[in-house]
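>>> okay, here's the prediction I keep looking at, along with the sequence it came from:
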Amino acid sequence: MNPTSHCGYTAIIGRPNVGKSTLLNLLVRQKISITSDKPQTTRSQILGIRTDADYQAIFIDTPGIHQAEKRAMNRYMNRLATSVILDADVIVFMVDATRWYEDDDLILEKLRNTKAPVILVINKIDKLKDKASLLPLIQKLSEKFQFRHVIPISAAKNENIDQLEKEILHLLPEGPHLFPDEQVTDKTERFQIAELIREKLIRVTGQEVPYSTTVQIESIKEDDKLVNISAIIWVEREGQKPIVIGKDGERLKKVGTQARKDIEKLLNKKVFLRLWVKVKDSWTDDDRALKSLGYE
Ligand SMILES: Nc1nc2c(ncn2[C@@H]2O[C@H](COP(=O)(O)OP(=O)(O)OP(=O)(O)O)[C@@H](O)[C@H]2O)c(=O)[nH]1
Ligand SMILES: [Mg+2]
């Protein structure tokens with residue numbers, strides 16, 4: 001291994017829905033983390049690892065930090081997201097170019113104790129009607145905190161990602177690689193499969209249901225030609241079952257078809273996917289249920 005190699009952790013934090021997971025996937029150049037247009041999509045810390053000859057950059061995607069809701073699940077997500085602040089070598093704090101929120105101030109307060117350099121990333125600049133408003137915005141936000149850099153980007157349009165990447169790499173400490181060079185994430189295939197199903201579920205169902213669902217892989221059985229996967233979609237209330245299943249099973253079928261395609265890409269093999277919808281009463285506000293479903 002190159003003795004002058006650089007290696008370190010970069011935490012990506014910010015409110016729900018600002019584009020953290022989209023950025024992680026761009027930086028690693030692979031789909032590692034699921035994304036959707038609904039807030040609170042990411043529920044775990046997810047590592048995306050990019051290795052080159054002389055560096056290994058380990059990016060940490062996190063759940064969106066938010067204050068409003070008080071269920072056990074929300075507390076869990078906030079705890080996970082804020083815990084990375086203490087350990088990261090670099091912090092990317094992502095905000096939305098179109099608006100500053102109260103929760104952004106909440107996150108900024110948490111950052112006051114960190115010694116790691118903080119890069120403010122202003123995302124979604126493609127949504128700004130007037131690009132001239134960017135400069136005063138950068139100026140205004142720079143007054144709030146001593147950011148190492150302030151970088152406007154569009155993750156969706158792949159704008160200015162190069163510059164951000166360059167600044168992050170400059171800040172990584174010297175050190176040997178911590179992961180094998182070919183490893184791109186810390187997550188198991190089992191986890192990734194469950195997440196891909198959850199992503200389709202979030203994308204296909206309406207506003208309320210995504211927060212109440214989770215996916216548990218029951219079994220994965222592989223033979224020469226096919227991977228047989230059986231998964232349970234848990235909802236919180238009996239009334240949510242028909243919403244997930246849809247009229248004549250249409251919605252569940254759509255989730256299954258879309259997820260299967262992505263899982264086949266991930267595993268590089270034909271997949272047979274079976275989905276079951278079951279109820280676990282109020283699981284999102286029950287610490288024991290959360291644990292049993294993998295949120296610990
Ligand atoms: N217009 C625009 N949309 C973007 C941009 N970056 C991300 N998005 C969209 O914003 C939505 C949220 O993106 P995610 O990457 O899932 O956001 P997140 O911060 O990971 O959200 P949580 O996991 O819920 O905390 C998705 O619909 C993205 O396609 C951008 O630069 N411009
Ligand atoms: Mg996310």
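That came through, no problem. Ligands and ions are numbered 1, 2, ... in the order given.
>>> going by C-alpha atoms from here, please, whenever you check contacts or count neighbours.
OK.
>>> list the contacts for P136?
By C-alpha atoms under 8 Å, 6 or more residues apart in numbering, the contact set of P136 is empty.
>>> buried residues, the helix or strand where it lies. List them.
Using DSSP states H and E, the element containing P136 is helix 134-142. Within helix 134-142, the residues scored as buried using 16 or more other C-alpha atoms under 10 Å are 134, 138.
>>> I'd assumed D37 was in contact with E199.
No: counting by C-alpha atoms under 8 Å, E199 does not reach D37; the two are 10.4 Å apart.
>>> the helix holding P136: what's the following helix or strand?
Criterion used, DSSP H and E; the element after helix 134-142 is strand 149-152.
>>> which residues sit against the next helix or strand after that next one?
Later in the chain than strand 149-152, the nearest helix or strand by DSSP H and E is helix 161-171. Defining contact as C-alpha under 8 Å, 6+ apart, one finds that helix 161-171 is touched by 10, 27, 55, 57, 89-90, 117, 151, 153-155.
>>> out of E199 and D37, which sits in the busier spot?
Using other C-alpha atoms under 10 Å, the more surrounded residue of E199 and D37 is E199, with 22 against 12.
>>> with adjacent residues omitted, what lies nearest to that one?
Nearest residue to E199, sequence neighbours excluded (C-alpha to C-alpha, 6 or more residues apart in numbering): I34, at 5.9 Å.
>>> show the pLDDT at that neighbour.
With respect to pLDDT, I34 scores 98.
>>> kindly report the same for A116.
97.
>>> ok, E208 next?
For E208, pLDDT reads 79.
>>> next one: phi and psi at it?
Here is the backbone geometry of E208 (degrees, to the nearest 10): phi -90, psi -40.
>>> how about the contacts made by it?
Here E208 is in contact with no residue (C-alpha under 8 Å, 6+ apart).
>>> can you pull out the low-pLDDT segments for the stretch 51-200 of the chain?
By pLDDT under 70, the stretch 51-200 of the chain has no low-scoring segment.
>>> repeat that with 80
68-69 (pLDDT under 80).
>>> what ranges do the helices span in it?
Using DSSP state H, counting those that start in this stretch, the helices of the stretch 51-200 of the chain run over residues 72-87, 102-111, 134-142, 161-171, 189-204.
>>> for these, which one ends up most surrounded?
helix 189-204 (a mean of 21; mean count of other C-alpha atoms under 10 Å).
>>> close to ligand 1, is that helix?
No: shown here: helix 189-204 not in contact with ligand 1 (C-alpha under 6 Å from any ligand atom), separated by at least 9.5 Å.
>>> elements contacting that helix?
Of the remaining helices and strands, those touching helix 189-204 by 3 or more C-alpha pairs under 8 Å, 6 or more residues apart in numbering; DSSP states H and E are strand 214-222, helix 250-267.
>>> touching it from outside, list them.
32, 34-38, 41, 209-210, 213-217, 231, 244, 251, 254-256, 258-259, 262-263.
>>> any of those buried? List them.
Judged by 16+ other C-alpha under 10 Å, buried ones among those: 32, 34-36, 41, 209-210, 213-217, 231, 244, 251, 254-256, 258-259, 262-263.
>>> just the residues you listed that are near ligand 1?
Among these, ligand 1 is touched by 35-36, 41 when using C-alpha under 6 Å from any ligand atom.
>>> now those as CSV including secondary structure?
Below are those laid out as CSV (DSSP: H, G, I helix; E, B strand; the rest coil):
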residue, secondary structure
T35, coil
S36, coil
T41, coil
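>>> which parts of stretch 176-187 are buried?
Neighbour counts over stretch 176-187 (16+ other C-alpha under 10 Å) mark 176-177, 179, 184-185 as buried.
>>> now it, how far from the centre of its chain.
18 Å (C-alpha atoms, centre = their mean, to the nearest Å).
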